[in-house]
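Q: test case, fold it:
(one chain, ligands or ions: 2)
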Amino acid sequence: MINLETPIEDVPNIGLAYYKKLKKLGIKTIQDLLFYFPVRYEDFSNIIPINQIKVGQISCVQGRILHIENTQTYKKWMIITEAEIEDETGTIKALWFNQPFLTKSLRQDDFVCMAGKVSLSKKGVYLNNPAFEKISEISENDDLTHTGRIIPVYSETKGVTSKWLRYIIKPLLEYFYDKMPEMLPPEILKKYKFLPLKEAICNIHFPESFEHADAAKARFSFENLFLLQLSMLRERAKLMQKTAFTCPMDAALMKKFTESLPFQLTDSQRQCAFQILKDIEKPVPMSRLLEGDVGSGKTVVATMAALNVIKGGYPAFAKASTGKQVAFMAPTEILASQHFKGISKMLEKFNINVGYLTGKESFVYKNGKITEMKKKDLLLELEFSQINILIGTHSLIQKTVKFSKLALVIIDEQHRFGVSQRAELTKNSKLVPHLLSMTATPIPRTLALTVYGDLDLSLIKEMPKNRKKIKTIIVNPEERKSAYDFIHKEVKDGKGVFVICPKIGKEEGENDSAPISGSFTPKNYNTSLLGALETKTVKQEYEKLSKEVFPDLRITMLHGKMKTEEKQRVMLDFKKGEIDILISTSVVEVGVDVPRATVMMIEGAERFGLAQLHQFRGRVGRNDMQSYCFLFTTDPSQLNRKRLKALVDSDNGFELAQKDLEIRGPGQLYGAEQSGLPDVAMEGMLNIFLVEKTRAAAKEIIEKDPELKNYPILLEQVKNFKQRIHFE
Ligand code: ADP
Ligand code: MG
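A: Residues are numbered from 1 along each chain as shown. Ligands and ions are numbered 1, 2, ... in the order given. Take a look at the predicted model:
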């Protein structure tokens, strides 16, 4: 007996050779095969009498083979199979090229159905290379697979043709018609008038009409997003049952803090801080994403939350604290160290001990001083609550790092990273810490409601008031000289210049576009190959700029192969104004803060996504000076123009991210197809109506039945689904 889980090698008619090929398509079981959906359809549904055939049209006819034979062409060394078919109204020729074996399967007097393009040559009208299948006799009701209907066309691999797939899938559909468990709850089927699974699956492969195909597709797009939503909401519901530290909001403390800053918070910063502070008052773990363009001032908001956790309820200047601790994780050492210094400084009046830990270094900030401290000692102090905030890289997630009372985890620039890592940080604790994740990547609403569906969103909508709009200029090859002149002048005025160049060449399996800032992990930029590539392009650019273009300026490069200390020294020199121009690739350091830099110059701008270009641009314009972003491009194509123009016209990260999403697809936002999401779901993610519909439906179910006790099939599917997807 076969069932849906039966491996395909056990299916009659699938030989070993096919088994291997199907595996390449990701098909391992019968279920996979049935869910291998066509990419498009061919309409051969209109069977016409032979005498109504018109040249140039795709036509389908039925008839008897009068004769069939192979002939050889002398000039082209080609074998032509020629047949003639007859019905009551007339005859027509059919020609196939280089398929001599056809005469073995098609013989004189066979009844066939044929579909293909009607062509005209010197010899007359003929069907060009038609699809065909044998039929018992001429009748309208024949159960056709490859002709005489709307036929499915699949994404093919060498040796697995659509014809073969149709031949295998069709009988399976018939066999399993009543054996496929319906996973959508009946109330959902009814409410949205979806086709039941068995009908949907038959109609996605062999639709009775295009309307049927659309109806089937609608069901499956819904189904996939619905599973995604359920899986997100279920995680969330689970988390809501856990307990977190309550950290009462201390308004006086917060006031004192904001008054100690050299600037006024923007309204957005205030609102976001308030949302966060309200969240961490509750005994349920917060899961919040703080989103704001580069330079919008997320760090200070996070620092407020940290301060409130540690000192909330105690006099600000008192030695004592609540004993609660905060972990602050950044994606790179440079960023972590920038945060360590910045946050220590912001908190200097509040008597807080800040630790710093990376793979190589450990420091501590106490009583207004930063000093080196042995890792062992730092960890001991952490365990005994002598350290209030620990700032660092991934090295915070190590067995040896033990917090005594971890109440809040802050994660900078790592998208969804935090959700799964939170668990790692709290293995020893009964209480779950609150999570605040920060990102500068604008998240379109469709994605906020899907892949980020388990996070609450706080949005910093405005930039600090002193900022000027950055002027963005597309530079064509012939305008280079004048752009260089302008940049030279800026440097002579004491401004700093960033140069970004794309990496050239690609890694095995890598797609063309550079990663979106913030979404990369150290794993994929530390690879030596990538390191070598980026070093090469950076070096080339360095040679060019320092020897030919700006021989009189102080130019330095920053690349992944440099040691951290070296990188830090370079960044510091650049900040201080001892370096004029800093050259790096896209992968180097998101979020660095250099207020004196006013020029961002991007080489090969066509190679980056809009959202990413927008992020680069955000590294300048961080004080009240006019800043500029030069997009150097050599690609004259319309599409590229249009894309770059969008960047010139808009300084709204959301708009640009939405455009990026439309142009490059959601896969790009998550490292190509690696998310494991089926195409239908990916497509669905662009459709806000569908996203909202699935979310509402999932909410309704989860609110009634958070454990999905009454929906065993659905629960099973959600679990499977969760295993398949990975957004990290
Ligand atoms: P991001 O959101 O990109 O992480 P940062 O937190 O690094 O931004 O802040 C960027 C710069 O803006 C920092 O130098 C910070 O001190 C400054 N800043 C933050 N908030 C304000 C504000 N409200 N007014 C003026 N400057 C601000
Ligand atoms: Mg930042």
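Q: for the strand ranked longest in the chain, enumerate the helices and strands it packs against.
A: If you go by DSSP state E, the chain has its longest strand at strand 58-73. Contact here means 3 or more C-beta pairs under 8 Å, 6 or more residues apart in numbering; DSSP states H and E; on that basis strand 58-73 packs against strand 78-87, strand 90-97, helix 102-105, strand 111-121, strand 124-135. Quick note: C-beta positions are derived from backbone N, CA and C, even for glycine.
Q: show me the contacts for residue 26.
A: Each residue near residue 26 by C-beta atoms under 8 Å, 6 or more residues apart in numbering is listed here: residue 32.
Q: if we can go back for a sec, a markdown table please, covering the helices and strands packed on strand 58-73 and showing mean neighbour count and mean pLDDT.
A: Output for those, formatted as a markdown table (neighbours: other C-beta atoms under 10 Å; pLDDT from 0 to 100):
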| stretch | mean neighbour count | mean pLDDT |
| --- | --- | --- |
| strand 78-87 | 18 | 91 |
| strand 90-97 | 18 | 92 |
| helix 102-105 | 13 | 90 |
| strand 111-121 | 18 | 91 |
| strand 124-135 | 18 | 90 |
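Q: any chance of those in TSV with distance to ligand 1 as columns?
A: Below are the helices and strands packed on strand 58-73 laid out as TSV (distance: least, C-beta to the nearest ligand atom, whole Å):
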stretch	distance to ligand 1
strand 78-87	65
strand 90-97	62
helix 102-105	66
strand 111-121	58
strand 124-135	58
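Q: show me the one of those that comes nearest residue 381.
A: strand 124-135 (75.3 Å; C-beta to C-beta).
Q: keeping just the C-alphas, turn whichever helix or strand comes after that closest one into PDB.
A: Counting by DSSP states H and E, the next helix or strand C-terminal to strand 124-135 is strand 150-153. Coordinates of the C-alpha atoms in strand 150-153 are reproduced here as PDB (Å, rounded to 0.1, in the frame of the first residue of the first chain):
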ATOM      1  CA  ILE A 150      -5.300  23.000 -20.300                       C
ATOM      2  CA  ILE A 151      -2.000  21.200 -19.600                       C
ATOM      3  CA  PRO A 152       0.400  22.000 -16.800                       C
ATOM      4  CA  VAL A 153       4.000  23.000 -17.500                       C
END
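Q: sheet-wise, list the partners of strand 150-153 with their directions.
A: strand 40-43 (antiparallel) (DSSP bridges).
Q: buried residues in the longest strand of the chain?
A: 59-65, 68 (16 or more other C-beta atoms under 10 Å).
Q: for the residues you listed, give me JSON lines that also has distance to residue 39 and pLDDT.
A: JSON lines is the format used below for the buried residues of strand 58-73 (distance: C-beta to C-beta, whole Å; pLDDT from 0 to 100):
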{"residue": "59", "distance to residue 39": "23", "pLDDT": "89"}
{"residue": "60", "distance to residue 39": "21", "pLDDT": "91"}
{"residue": "61", "distance to residue 39": "26", "pLDDT": "92"}
{"residue": "62", "distance to residue 39": "27", "pLDDT": "90"}
{"residue": "63", "distance to residue 39": "31", "pLDDT": "91"}
{"residue": "64", "distance to residue 39": "34", "pLDDT": "93"}
{"residue": "65", "distance to residue 39": "32", "pLDDT": "94"}
{"residue": "68", "distance to residue 39": "32", "pLDDT": "93"}
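Q: I'd like to know which of those is nearest to ligand 1.
A: Taking C-beta to the nearest ligand atom as the measure, ligand 1 sits nearest to residue 60 out of these, at 61.3 Å.
Q: any idea what the closest one is bridged to?
A: The partner residues for residue 60, given DSSP bridges, come to residue 47, residue 115.
Q: nearest spatial neighbour of the closest residue to ligand 1 within the stretch 151-300 of the chain, skipping sequence neighbours?
A: Residue nearest to ligand 1 within the stretch 151-300 of the chain: residue 297 (2.7 Å; C-beta to the nearest ligand atom). Nearest non-adjacent residue to residue 297, counting by C-beta to C-beta, 6 or more residues apart in numbering: residue 269, 5.6 Å away.
Q: so how many other residues sit close to residue 189?
A: Residues near residue 189, counting by other C-beta atoms under 10 Å, number 15.
Q: for residue 687, which residues are in contact?
A: Going by C-beta under 8 Å, 6+ apart, the list of residues near residue 687 reads 221, 446.
Q: apologies, that question was intended for residue 550.
A: Residues in contact with residue 550, defined by C-beta under 8 Å, 6+ apart, are 484, 487-488, 491, 580-581.
Q: buried ones in the longest helix along the chain, by neighbour count?
A: Of all the segments of type helix in the chain, defined by DSSP state H, the longest one is helix 210-240. Across helix 210-240, burial judged by 16+ other C-beta under 10 Å covers 212-213, 215-234, 236, 239.
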